[in-house]
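> Fold the following and give me the result.
(4 chains)
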Number of protein chains: 2
Amino acid sequence: MKPTGSNLDAVRRHNLGRILDLVHREGSLSRSALTRETGLNRSTIAALVAELVSRGLVVEGVPATEGVVGRPSPVVSPSEGTVVLAINPEYDAITVAAVTLGGRVIERVRRGFRTGPSVQRAVTESAALVSELRGRLPSDVRIAGIGVAVPALVRAEDGMVRLAPRLGWVDAPLAELLADVTGLPVLVDNDASLGARAEYHFGAGRGIDDLIYLNGGASGIGGGLILGGRPIRGAGGYAGEFGHTFSTEGGIPLERAVTRDALVDAVAPGADIDDAELERLLRATPHPITATHAEILGRSLGGMINIVNPSRIVLGGFLGIIAACEPELLAARVARYALVPPGEEAEIVRAELGADLLLIGAAEPVIDRLIADPGRMPVRLPGARPAELQR
Amino acid sequence: MKPTGSNLDAVRRHNLGRILDLVHREGSLSRSALTRETGLNRSTIAALVAELVSRGLVVEGVPATEGVVGRPSPVVSPSEGTVVLAINPEYDAITVAAVTLGGRVIERVRRGFRTGPSVQRAVTESAALVSELRGRLPSDVRIAGIGVAVPALVRAEDGMVRLAPRLGWVDAPLAELLADVTGLPVLVDNDASLGARAEYHFGAGRGIDDLIYLNGGASGIGGGLILGGRPIRGAGGYAGEFGHTFSTEGGIPLERAVTRDALVDAVAPGADIDDAELERLLRATPHPITATHAEILGRSLGGMINIVNPSRIVLGGFLGIIAACEPELLAARVARYALVPPGEEAEIVRAELGADLLLIGAAEPVIDRLIADPGRMPVRLPGARPAELQR
DNA sequence: GCTAATTGTTGTTTACGCCACCAAAAGATA
DNA sequence: TATCTTTTGGTGGCGTAAACAACAATTAGC
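Have a look, this model is predicted:
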């Protein structure tokens, strides 16, 4: 049973969180813009921002002289004094990054592997990378928590990795293990779901409250769903796992009918190339495989559209390449299999965020917790005076 | 741009609404239960309940002597002094009902037609039925608003009926028209979506935050989606319109492959029978059509499960009959086409709510508005003293 | 009939956002 | 250049909603 009543503390929390949310999403806003957006009183905003500054979450900067009448309003921006550590374990590497409010990656370390790491090794390596990263950050930077994006089916409530086929993990209590070695709060979720959130907040899905995100990677197709402006997980965190959706009557999963390997084999058999190179080759020497893939993909998209009625579909990874190479064919195929009313509303676009996508996404749940209760971060000691407004 | 800041008024609104929500869902709670559920102070609950009483939304009754130690706590129940008028226009009839908080239908009038009414006629008839119904209610009963469930694609924001194939309506501003003739606020939505909400709150979907509702009627199959405890509409209100989903490779819509008419023709060709009779006949003289239908339905359900990962699927109307007649076959078919992880979590059950389903559902959005701001209802005049606690 | 437990009732306290007022800072105007 | 207008920051007091504490009421159990 959750606490559902509201009291004065809740008001404060909510308003602090609202401001933090706005700063997170917009990057920078003037104090007067905050009063407009929230409808709160000027004096209230001043007090709230002051508290967020004292908690090291935002900084106030010199007003942008925008050539507008009236007294200039200080600009409120995310502070770099507080970061979220984002971890992304993959088959061949682990990446750890420091992400600020506003979704900016300010530092990053990576360590590669020959083979997929065991859970234990992944935890140990992650901890080492975290230490290394913290060493690179100024000593007074505070860590709000750790967010992890795993290519796995995850029970987000307690960070249990239930099944990670590519990594070979089963029922690994990843959040608990990482929390034990780092002493920090850890939130774990599926990588594609987190990617969807990143594109929703900062990428090709900005402001689109009903969207499907699909990402094509070397090890398969993952996806995430945002409906009504909220990430949708489904009962077991499986919603949006479109890669496993059956692509055709017979019933092979989409991610086995449409693969990156097939594209690579078509233009550079056996080569180890990245997405940019793959796209360059496919554009330079067109190959019928893009059309085949576009047809299968378009049909699957049509089926999804009929069920969830998104206003946009964001394609990342090699799916973005397919969409870029065969836009008309893909659209035609979608139009054929989607119903008219939802189909014509669904716009298909390519993902915008690049390599940092999963790191930014991994930080999101931690930032959500921060937004839910900014009081979580302690006020800075009185010794370290809040930075004066300088010019 | 919405007001997003919170202040003292918002706290009061939220808490009043929270209590109203609990009373609406539970039907009756003691004041002490309210303190437990909300986490608010006893004295606060007392004040809030008093305000809701003065606004005619709830009543306090004599404590149930439950054989528990301590001073008995008064029971808070929905008041019958405030109702929502629910309207359900169909092809062959219009029904209007008075629904109280708690989803109880206390009065109902219905008028049949030979042919589907035009928009204008539906509005006129509805207004007449509303007048008739109001005449049957005590004169001091207050109307919170009108909720309408239409078998149509609806833009809920402004109550525009965009397309009602069966009724032959296109772009009819139904909410506006009804508001004009009745002088009451009107909220319109798709009937199946509202049915889903009714089953979620009061029927087979109680407490299930991720569910698919599918209803089979004479004119087709409609559906609604609840994900993360929220009704999902999609970008254009088309989410959950599973009837139009393609059922097989070739691509005829589910609602044309699985029809009530086919079932009726199998056991009583050309007869005009209701669902109860249809079920009785199908059980008395089994017919292979139930198996065929169960197979097609099961496969479609499998596809839906893979995408939204519900923990329950609620089947109403003749789909409930199919589920009841062929439970093993349906389950087997679902298991075959759904992926294992989401498939084994999805329980298939039959709808519980009967004839009042759509009326209860139609009232929901109006009640939501009430919950969002109970201050909407004015306090009763000082002349009519709030009812004393009687025993 | 007494005690323990629970809850209603009442008056006081606390904290948050609002408001009114004044000062500051910029563009607009003369 | 000086002044006016507009917009915003800063400050102290105010209203209000929930929390709190103390007391009264009511029941079960012994």
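> burial measure for residue A:336, as a count.
When counting by other C-beta atoms under 10 Å in any protein chain shown, one arrives at 13 neighbours for residue A:336. Every C-beta, even on glycine, is put in place using the N, C-alpha and C of the backbone.
> How confident was the prediction at it?
With respect to pLDDT, residue A:336 scores 88.
> And residue A:116, by the same measure?
So residue A:116 comes in at 88 (pLDDT).
> Tell me the secondary structure of it, please.
Look at residue A:116: counting by DSSP: H, G, I helix; E, B strand; the rest coil, its state is coil.
> And residue A:238, by the same measure?
Going by three-state DSSP: residue A:238 is coil.
> Can you pull the phi/psi pair for it?
phi -100, psi -10 (degrees, to the nearest 10).
> and the next element down the chain from the worst-scoring helix or strand of chain A on mean pLDDT?
Ranked by mean pLDDT, DSSP states H and E, the weakest helix or strand in chain A is helix A:340-345, scoring a mean of 75. From helix A:340-345 onward toward the C-terminus, using DSSP states H and E, the following helix or strand is strand A:347-350.
> Now do the contacts for residue A:32.
A:42, A:73 (C-beta atoms under 8 Å, 6 or more residues apart in numbering or on different chains).
> ugh, wrong one, I meant residue A:233
A:156, A:193, A:239, A:240, B:228, B:309.
> ok, now residue A:64?
Residue A:64 neighbours (C-beta under 8 Å, 6+ apart): A:30, A:72, A:75.
> Just say helix, strand or coil for residue A:20.
Secondary structure of residue A:20, per three-state DSSP, is helix.
> quick one: it and residue A:371 touch, right?
Yes: contact criterion C-beta atoms under 8 Å: residue A:20 and residue A:371 qualify, at 5.0 Å.
> related to what we said a few turns ago, the contacts of residue A:64 also near chain B: which ones?
Taking C-beta under 8 Å from any C-beta of the partner chain as the test, chain B is in contact with none of the contacts of residue A:64.
> Name the nearest of the contacts of residue A:233 relative to DNA strand C.
Checking these against DNA strand C by C-beta to the nearest atom of the strand gives residue B:228 as the nearest, at 27.2 Å.
> check contacts around the closest one.
Residue B:228 neighbours (C-beta under 8 Å, 6+ apart): A:230, A:232, A:233, B:209, B:210.
> Now do the helices in chain A.
A:8-26, A:31-38, A:42-54, A:119-136, A:174-182, A:191-202, A:254-257, A:260-267, A:275-284, A:288-308, A:318-325, A:327-337, A:340-345, A:357-372 (DSSP state H).
> Just name the most buried of these.
Greatest average neighbour count among the helices of chain A goes to helix A:191-202 (a mean of 27), per mean count of other C-beta atoms under 10 Å in any protein chain shown.
> and the stretch 1-150 of chain A, which residues reach DNA strand C?
Within the stretch 1-150 of chain A, the positions near DNA strand C by C-beta under 7 Å from any atom of the strand are A:8-9, A:11-12, A:15, A:39-44, A:47-48, A:63, A:65, A:67-72.
> redo that, cut-off 6 Å
A:8-9, A:11-12, A:15, A:40-41, A:43-44, A:47, A:65, A:67, A:69-72 (C-beta under 6 Å from any atom of the strand).
> what does the model give residue A:387 for pLDDT?
So, for residue A:387, pLDDT stands at 41.
> circling back: tell me the one of the residues of the stretch 1-150 of chain A next to DNA strand C nearest residue B:111?
residue A:11 (49.1 Å; C-beta to C-beta).
> what sits against that closest one?
Contacts of residue A:11 (C-beta under 8 Å, 6+ apart): B:6, B:7, B:8, B:10, B:11.
> so residue A:323 touches residue A:330, yeah?
Yes: with contact defined as C-beta under 8 Å, residue A:323 reaches residue A:330; the gap is 5.7 Å.
> Find residues that contact each of the two.
Common neighbours of residue A:323 and residue A:330 (C-beta under 8 Å, 6+ apart) are A:294, A:348.
> Domain ranges for chain A, per the record?
A:8-65+A:73-78, A:82-194+A:355-376, A:204-350 (automatic domain parsing).
> Quick check: closest non-adjacent residue to residue A:93.
Leaving aside its chain neighbours, residue A:93 sits nearest to residue A:112 (4.4 Å; criterion: C-beta to C-beta, 6 or more residues apart in numbering or on different chains).
> How about the residue of the stretch 101-250 of chain A found nearest chain B, nearest residue that isn't a chain neighbour?
Scanning the stretch 101-250 of chain A for proximity to chain B using C-beta to the nearest C-beta identifies residue A:234 as nearest, at 2.7 Å. Take residue A:234 and drop its neighbours on the chain: the residue closest to it by C-beta to C-beta, 6+ apart is residue B:309, 2.7 Å away.
> now swap in residue A:162 and tell me
residue A:153 (4.8 Å).
> That neighbour and residue B:339 touch, don't they?
No: applying C-beta under 8 Å, one finds residue A:153 not in contact with residue B:339, separated by 10.6 Å.
> Could you name every residue contacting both of the two?
A:238, A:241.
> Which residue is it, in chain A, that comes closest to DNA strand D?
residue A:70 (2.3 Å).
> Kindly provide the distance from that residue to chain B.
20 Å (C-beta to the nearest C-beta, to the nearest Å).
> where's that residue relative to residue A:32, distance?
8 Å (C-beta to C-beta, to the nearest Å).
> Then residue A:256?
Counting by C-beta to C-beta, the gap from residue A:256 to residue A:32 is 54 Å.
> again, but for residue A:136
When residue A:136 is compared with residue A:32 (using C-beta to C-beta), they lie 36 Å apart.
> circling back to that earlier point, now the least confident helix or strand of chain A: how far from the chain's centre is it?
27 Å (C-alpha atoms, centre = their mean, to the nearest Å).
> Let me see the residues that make contact with that helix.
In contact with helix A:340-345 (C-beta under 8 Å, 6+ apart) are residues A:302, A:305-306, A:309, A:311, A:334-335, B:153, B:163, B:234-236, B:238-239, B:241.
> how about these, which pair is most distant?
Spatially, the most separated pair among the contacts of helix A:340-345 is A:334 and B:163, at 20.8 Å (C-beta to C-beta).
> count of residues packed around the residue in the stretch 251-391 of chain A positioned nearest to chain B?
Nearest residue of the stretch 251-391 of chain A to chain B: residue A:309, at 2.7 Å (C-beta to the nearest C-beta). Around residue A:309 there are 28 other residues, counting by other C-beta under 10 Å.
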